[in-house]
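1. Task: produce atomic coordinates for the following.
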Amino acid sequence: MLENINSPKDIKSLNIDELDILCSEIRSFMIDSVSKTGGHLASNLGVVELTVALHKVFNSPNDQIVFDVGHQCYTHKILTGRKDDFSSLRQEDGISGFTRRNESEHDIFSSGHSSTSISSAIGLAQAKSLKGEKGKVIAVIGDGALTGGLAYEALNNSGNQSSNLIVILNDNEMSISKNVGSVARNLTTIRTSPKYFRFKSKMSRLIAKIPLIGSKITTFFTLVNQKLRKRIYKNTFFEDLGFRYYGPIDGHDLDALIDALNVAKAHNHSVLLHINTVKGKGYEFAEQNPSKFHGIGKFDINTGEPISSGDNFSSVFGESLIHLAENDFRFCAVTAAMASGTGLSEFSKKFPKRFFDVGIAEQHAVTFSAGLARNGLLPVFAVYSTFLQRSYDQLIHDVAMQDLKVIFAIDRAGFVGEDGESHQGLFDTAYLMSVPNLTVFAPAYYDELSSMLYQAAYKEKNAVAIRYPRGKECEKPEGYEYNKENYIVFGDDKHAKTAIITYSREFCECYKAYNKLTQEYKESVCLIKLNKIKPIDESVTEHLKKAKKIIFAEEGIKDGGVGDCFASMLKENGIDAEFKHVAVDGFVKQASVGAQIKKYRLDCDSIVEEVLNG
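-> All right, here's what the predicted structure looks like:
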């Protein structure tokens, strides 16, 4: 069945039995493909029927479907002409693991961060209305993303304004309303029946035509309807915001889904459909452990086990924090729905009262941590670099400005590889460098991360950020030891004509280049590794007075990054050497980390070439 599907039009004529077969084939295809490329499996397995039903009922791209976060868009990609490219998922020059506007006309909005779909959908819907264009706008948002404040801002702004807006709440983990019983389910079944909806619409039109009293009767029945639903559902939160609410609906029942979507499509009013789905549906290992299969690398289909495992920066951070917390009751761990990804799973089990998962609410996480700090605790907020961007104001206003001791454990700093543009951890250096009363450490190795976490807790007075890369540490130079100093100098800095400055994982490439330059090419070069990148220790300029050329290499954004600050410091201290800043300029597409390092000329050979010929 699947091999004949090349666009949404190809499923329009299929009956329910054929669609069920198609869903089964999509699941098998997806499991096989993701086992080879890695990706977001559990969330995608949960929305197969929902996505098929969406494309059965609506006409994409005239009807515009916006996927929140976008990590549940695989079935959408398969149905919209990208099936044959699926082996390139998340690979260099392949298709993205998220929706991307430049990839297909069916990808209405590029995504990657959560809680954005309703806001963008309102804008799309209002634009359609103003331009007189036909078609619905459908926002598909998960219950996890609904914990983000932006989603509530959008809901508050949307219900009574957009007659062509449909919000689909994909509830795969928690109940939004505590009273979702059989009466509520039966009422939803009746209300989403096409026969009932047609009958109701016809009667409403007839009553409205009755002279003098028609409109009053319609208003009366509308009020009775609202009160009845309130008695049955108990919680009419969405209706109070102006939506027509239908749910809960079985997200794996194609008949029920198609009926509900057709009713929503016929409405001339904002509609919210509450869909229940099972994360990981159809693959036993993913159903049993959806968190593990939320985002997973290559794995064995028969066992569900990852092909690569072992220690990484995230796990070492988690172990180090546990060790500190065992000896100091003040330590608390905070996460924004990323306990497993940031290495905090074991901490949550060992210290449940000192572990706080605030949901996908990074802004709240930062200010909440500030509150913990204000009353004497030592909060550590573990967060991916790309998601910390969302709480920049809180970092400034609620932490730094108030001199509060919050530790930011910034995971996935630098290149992250296959997740692509929306997830690269390249921007934190630029905005962190501008924040007063904030110290930033940048470890290259596991032991440095553990030591810097201790330094952050007991040696620094104010807020501290420790940024570290995704994955495993690279090989250490022979005899290398972290000396807890702000920087480390390699080579004869008193006579070196060229100095290479770097920090964090990029040190590994720069050290290889330094060795090659000094041993193979007999170049006069020194290498300086910054351990603390904010504030930069100005005494480092003492090692650069003889340098004719200074190359600053960093795995971060160029404008406003550490290199820019370093260049300013050189000028202020009278260092007049030629300065070259090698960094990232622009958004970085998916590829392996190694390929990304090479592309942006941060690999060993490129650094060597920069010294010899730059």
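2. Tell me where the stretch 401-550 of the chain has strands.
-> With DSSP state E, counting those that start in this stretch as the criterion, the stretch 401-550 of the chain has strands at 407-411, 438-441, 463-467, 487-490, 498-503, 525-530, 532-534, 549-557.
3. Which is the succeeding secondary structure element to the last one?
-> What it means is strand 549-557. helix 562-572 (DSSP states H and E).
4. Show me the contact partners of that following helix.
-> For helix 562-572, the external contacting residues (C-beta atoms under 8 Å, 6 or more residues apart in numbering) are 429, 433, 501, 503, 530, 533-534, 536, 538, 541, 544, 550, 552, 554, 556, 558, 577, 579, 581-583. C-betas here are computed from N, CA, C, even on glycine.
5. How about that helix, which residues are buried there?
-> Neighbour-count burial for helix 562-572 flags V562, G563, D564, C565, F566, A567, M569, L570 (criterion: 16 or more other C-beta atoms under 10 Å).
6. can you tell me the average pLDDT over it?
-> The average of the pLDDT scores along helix 562-572 is 97.
7. Now the buried members of the contacts of helix 562-572.
-> Among those, those buried by neighbour count (16+ other C-beta under 10 Å) are 429, 433, 501, 503, 530, 533-534, 536, 541, 544, 550, 552, 554, 556, 558, 577, 579, 581-583.
8. hmm, back to that, quick one: the buried residues of helix 562-572 as TSV, columns for distance to K36 too.
-> Shown next, in TSV, are the buried residues of helix 562-572 (distance: C-beta to C-beta, whole Å):
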residue	distance to K36
V562	37
G563	38
D564	41
C565	42
F566	42
A567	44
M569	47
L570	48
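9. now, which of these sits nearest H397?
-> Checking the buried residues of helix 562-572 against H397 by C-beta to C-beta gives C565 as the nearest, at 22.2 Å.
10. Distance check, that closest one against Q424.
-> 20 Å (C-beta to C-beta, to the nearest Å).
11. F347 now?
-> F347 sits 27 Å away from Q424, going by C-beta to C-beta.
12. just K128 next, same as before
-> Per C-beta to C-beta, K128 is found 32 Å from Q424.
13. Looking at the two now, which is surrounded by more residues?
-> Legend: neighbour count by other C-beta atoms under 10 Å for K128 and Q424, higher for Q424 (26 against 20).
14. and the more buried one, what are its phi and psi?
-> When read as degrees, to the nearest 10, the backbone of Q424 gives phi -60, psi 140.
15. Go ahead and flag the most central residue of this protein.
-> Closest to where the C-alpha atoms of the chain average out (C-alpha atoms, centre = their mean) is H113, at 4.2 Å.
16. show me the contacts for K350.
-> K350 makes contact with I322, A325, according to C-beta under 8 Å, 6+ apart.
17. tell me the phi and psi of it?
-> Here is the backbone geometry of K350 (degrees, to the nearest 10): phi -80, psi -30.
18. Which parts of the stretch 151-300 of the chain are strands?
-> Assigned by DSSP E, counting those that start in this stretch, the strands in the stretch 151-300 of the chain fall at 165-171, 244-250, 271-276.
19. Go through those and name the closest to N312.
-> strand 165-171 (30.1 Å).
20. Listing partners with orientation, what would you give for that closest one?
-> Taking DSSP bridges as the criterion, strand 165-171 sits next to strand 137-142 (parallel), strand 271-276 (parallel) in its sheet.
21. worst average pLDDT in those strands?
-> Among the strands paired with strand 165-171, strand 271-276 carries the lowest mean pLDDT (a mean of 92).
22. Only C-alpha atoms, please: export that one in PDB.
-> The C-alpha trace of strand 271-276 is given here as PDB (Å, rounded to 0.1, in the frame of the first residue of the first chain):
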ATOM      1  CA  VAL A 271     -12.300  24.300  17.400                       C
ATOM      2  CA  LEU A 272     -10.100  22.300  19.800                       C
ATOM      3  CA  LEU A 273     -10.000  18.500  19.400                       C
ATOM      4  CA  HIS A 274      -8.600  16.600  22.400                       C
ATOM      5  CA  ILE A 275      -7.000  13.400  21.100                       C
ATOM      6  CA  ASN A 276      -5.700  10.500  23.200                       C
END
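23. what's that strand in contact with?
-> Residues from elsewhere that reach strand 271-276 (C-beta under 8 Å, 6+ apart): 50, 165-172, 176-177, 238, 243-251, 257, 260-261, 263-264.
24. try stretch 13-21
-> With contact meaning C-beta under 8 Å, 6+ apart, stretch 13-21 is reached by M1, I11, L22, V52, K56, L254, D255, I258.
25. buried sites along that stretch?
-> Result for stretch 13-21 [16+ other C-beta under 10 Å]: buried residues L14, L19, D20.
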